[in-house]
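> One predicted model, sequence on top.
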Amino acid sequence: MVAFADQVRRQQWLGHTGKPIQSIVNIGIGGSDLGPKMVCHALQPLGEPKLSMHFVSNVDGADLQQVLAQIDPATTLAIIVSKTFTTLETMTNAHSLRSWLLSHGVPEAKLGQHLVGVSADPARAIQLGIAPECVFKIWDWVGGRYSLWSAVGLSALLYIGPTHFSELLAGAAQMDQHFREAPLRRNLPTILALLARDGK
Ligand SMILES: O=P(O)(O)OC[C@H]1O[C@](O)(CO)[C@@H](O)[C@@H]1O
């Protein structure tokens, strides 16, 4: 995943016309959308300025159309993120985006340069035309709401780069440890949960 991200970030991963990737479109919903979207938003100052990031989750076609109006198929990389690769909203948007690429000049044989997948079920991703080596695997035991820390974080990795992404993972591991060990009155996730409850 890091080798792939490095290639895209160094402008060595080329679209079908030989131009480097400039736009990343993350297609997913729930945990396959919100985590990476939040990281890209929150860590924008660390983001790669040559990449514009887009997130599509709504099955209402207006969501996807708004993004397609801003990007060039020749320089677009779509990441289809779905643990199951069966989620209706994500599959609908993935098929629409695939058709848009094909109808805007991307030859079927070169779709692999514009489409990658993240899934616990790589065979389903390959059926969509994604090259086997471009399917990044999520472990079965990763729950959707925590999946940012797995391959679902690919768009965040592309945007903030491997060094910052490793720091993000290390920070999460540190917080896991703090949650397990800190006394309740100083336990940050516990305090946040209590504040959220009181806020209701
Ligand atoms: O990643 P998938 O399989 O497309 O599922 C999308 C989301 O739907 C849920 O299964 C339920 O909302 C979440 O856990 C998950 O993040």
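Arrived safely, thanks for sending.
> wait, what's in contact with Q70?
S23, S52, H54 (C-beta atoms under 8 Å, 6 or more residues apart in numbering). Every residue, glycine included, has its C-beta placed from N, CA and C.
> Share the number of residues neighbouring the last one, please.
Residues contacting H54 under the criterion other C-beta atoms under 10 Å number 21.
> give me every residue that touches it.
H54 touches S23, I24, V25, N26, V67, Q70, I71, counting by C-beta under 8 Å, 6+ apart.
> Can you tell me which of the residues you listed are buried?
Among those, the ones that count as buried by 16 or more other C-beta atoms under 10 Å are S23, I24, V25, N26, V67, I71.
> Quick check: the two most widely separated of those residues?
Greatest spatial distance among those (C-beta to C-beta): N26 and I71, at 12.5 Å.
> elements contacting the lengthiest helix in the chain?
Longest helix in the chain, counting residues (DSSP state H): helix 154-181. For helix 154-181, the packing partners by 3 or more C-beta pairs under 8 Å, 6 or more residues apart in numbering; DSSP states H and E come out as helix 2-9, strand 23-27, helix 34-42, strand 52-56, strand 76-81, helix 188-199.
> let's see it at 6 Å
Other helices and strands packing on helix 154-181, by 3 or more C-beta pairs under 6 Å, 6 or more residues apart in numbering; DSSP states H and E, are helix 2-9, strand 23-27, helix 34-42.
> relative to strand 76-81, how tilted is that helix?
40 degrees (axes from the mean of the first three to the mean of the last three C-alpha atoms, to 10 degrees).
> From the chain's centroid, how far away is helix 154-181?
15 Å (C-alpha atoms, centre = their mean, to the nearest Å).
> Buried by neighbour count: which residues of it qualify?
L154, S155, A156, L157, L158, Y159, I160, G161, H164, F165, L168.
> Once you drop chain neighbours, what's closest to the third one?
By that I understand A156. V39 (4.1 Å; C-beta to C-beta, 6 or more residues apart in numbering).
> Just give me the neighbour total for the residue of the chain found nearest the ligand.
Proximity of the chain to the ligand (C-beta to the nearest ligand atom) peaks at G144, 2.2 Å away. A total of 20 residues lie near G144 under the criterion other C-beta under 10 Å.
> neighbouring contacts of the host helix or strand of L101?
Secondary structure assigned from DSSP states H and E places L101 in helix 88-103. Contact with helix 88-103 is made by I27, G28, I29, V56, V59, L64, L68, P73, A78, I80, S82, H114, as judged by C-beta atoms under 6 Å, 6 or more residues apart in numbering.
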